[in-house]
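Participant: next come a sequence and a model predicted from it.
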Amino acid sequence: MGSTRGALVVVGSGPGIGSHVARTFSSHGFTRIILLSRDPSRLEEDAKFIRSETPSADISTLAIDLSKTSEIASALAQVDKALNDTPIEVVLFNAARVGPSTLVSWPMEELELDLRIKVTGCYAVAQWAIPKLLAVKNTHKPAFLCTSGSIYKDPIPEVFSLSVCKAGQHNLVHSIHKKYKEEGVYCGLVVVGGVVGDDRPQCNAENIANKTWALYEERSDLEVEILDG
């Protein structure tokens, strides 16, 4: 196993889980980090947050809108360019659109948009990432990680669109896990069973980030579930 970490790529950075996971991984030697978000205005704040833990971190920020499937390939090509010769070691897929959705009256187009971001987008990133992760299996600890929620198995009607997407996403990542675990790439799910907030005893971003690191290090189970109460 190589002594030098590869890059961490966070798809769906933000002030919650995404930036906290990146900061935690940076404290464990991941100093080459690529942050992607559809909201480029907050990416620099995320980078500053990570550097507060690891001042030497080499961080690139790029905009990506997973709802525009025709633009995903070109956005990921920009990641390749930014990485230069640094191999990817870990990808965290954390992209989501969170909000209420009312059954029957929720427009079909909105459900399709959510599916493009959370399921089709996850698949597109996996298509791009898995070959790169396989290529470093003998020198690094490659992993494809995805944040999820307990609603994949216990849906909430008031956020049915998110529930449907998390179920599809869980199925997809489970399939990737079955296919590639024996080939040397670990795939795992971080299942958050509640609303993320600083005041939550377990479902706070820092604890979720620590659990994500433990899941990555242990590499034994498909998922870790984080619950309050």
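Facilitator: Noted; the coordinates are in hand.
Participant: in the longest helix along the chain, what counts as buried?
Facilitator: What stands out as the longest helix in the chain, according to DSSP state H, is helix 160-180. Neighbour-count burial for helix 160-180, with 16 or more other C-beta atoms under 10 Å as criterion, is recorded at 160-170, 172-174, 176-177, 180. In this view, the C-beta of every residue, glycine as well, is placed from N, C-alpha and C.
Participant: likewise stretch 66-74?
Facilitator: 66-67, 72.
Participant: what packs against the helix or strand harbouring Ile208?
Facilitator: If you go by DSSP states H and E, Ile208 is part of helix 205-218. Helix 205-218 is packed against helix 17-27, strand 143-149, strand 186-192, strand 223-226, with contacts defined by 3 or more C-beta pairs under 8 Å, 6 or more residues apart in numbering; DSSP states H and E.
Participant: the inter-axis angle of that helix versus helix 17-27?
Facilitator: Per axes from the mean of the first three to the mean of the last three C-alpha atoms, to 10 degrees, the angle that helix 205-218 makes with helix 17-27 is 50 degrees.
Participant: which strands and helices sit next to the strand or helix carrying Lys48?
Facilitator: In the assignment (DSSP H and E), Lys48 maps to helix 43-51. Here helix 43-51 touches helix 17-27, strand 32-37, strand 58-63, going by 3+ C-beta pairs under 8 Å, 6+ apart.
Participant: next, the angle from it to strand 32-37.
Facilitator: Going by the same axes, to 10 degrees, helix 43-51 makes 150 degrees with strand 32-37.
Participant: so what's the closest residue to Ala82 other than its chain neighbours up against?
Facilitator: Spatial nearest neighbour of Ala82, excluding adjacent residues (C-beta to C-beta, 6 or more residues apart in numbering): Ser60 at 4.3 Å. When contacts are counted by C-beta atoms under 8 Å, 6 or more residues apart in numbering, Ser60 touches 33-35, 82.
Participant: okay, those residues in CSV with distance to Val224, neighbour count and pLDDT next?
Facilitator: Below are those laid out as CSV (distance: C-beta to C-beta, whole Å; neighbours: other C-beta atoms under 10 Å; pLDDT from 0 to 100):
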residue, distance to Val224, neighbour count, pLDDT
Ile33, 22, 26, 97
Ile34, 24, 24, 97
Leu35, 23, 26, 97
Ala82, 30, 16, 94
